[in-house]
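Trainee: The following comprises the amino acid sequence and a computationally predicted model.
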Amino acid sequence: MGSGLLAIQSLVLLYAKNRQKIVVRRLFGHSIMRTYRVYLLFLGIEWIIQGMISGLIINSMGVLTLDTRLGLVFIVVALAVLELMLTLISLLAIERRKLSELLKEGT
């Protein structure tokens with residue numbers, strides 16, 4: 001739960017820092033994946049590194065069998081997909097809420 005709140009907080013900060021660039025891209029029809037590709041790339045790299053560290057920890061404990069490898073991969077992929085879905089939902093909510101504020105500022 002704590003990492004989810006941290007991810008949402010970082011999304012709010014990312015949006016606040018780059019809001020004009022993000023809004024222009026979205027208004028010109030860029031997809032959400034294309035608009036936030038750098039952030040999503042970092043998110044993917046983060047999960048790859050977390051999976052590798054988890055594998056090293058399990059390997060150092062001496063219990064790395066095929067079942068634990070498959071279980072580890074399943075858990076890491078499931079959590080990564082869950083965080084990706086929450087990230088995309090949060091991004092869309094932030095965009096909708098902040099778009100009208102940004103457009104009003106420009107006048």
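Mentor: Nice, I can see it.
Trainee: Which strands and helices lie in contact with the lowest-mean-pLDDT helix or strand in the chain?
Mentor: None of the helices or strands of the chain scores lower by mean pLDDT, DSSP states H and E than helix 2-17, at a mean of 73. Helices and strands in packing contact with helix 2-17 are listed as helix 66-105; criterion 3 or more C-beta pairs under 8 Å, 6 or more residues apart in numbering; DSSP states H and E. For glycine as for every other residue, the C-beta is placed from the backbone atoms N, C-alpha and C.
Trainee: Okay, angle between the helix it packs on and helix 2-17 too, please.
Mentor: For the pair helix 66-105 and helix 2-17, the angle between their directions (axes from the mean of the first three to the mean of the last three C-alpha atoms, to 10 degrees) equals 30 degrees.
Trainee: List the buried residues in helix 66-105.
Mentor: Using 16 or more other C-beta atoms under 10 Å as the burial criterion, the residues of helix 66-105 that qualify are 72, 76, 80, 83, 87, 90-91, 94-95, 98.
Trainee: Just give me how far that helix sits from the chain centre.
Mentor: The chain centre lies 5 Å from the centre of helix 66-105; the measure is C-alpha atoms, centre = their mean, to the nearest Å.
Trainee: Please apply the same query to stretch 58-66.
Mentor: The chain centroid and the centroid of stretch 58-66 are separated by 29 Å, computed with C-alpha atoms, centre = their mean.
Trainee: What residues sit buried inside the least confident helix or strand of the chain?
Mentor: Taking 16+ other C-beta under 10 Å as the basis for neighbour counts, the residues of helix 2-17 that come out buried are 7-8, 11, 14-15.
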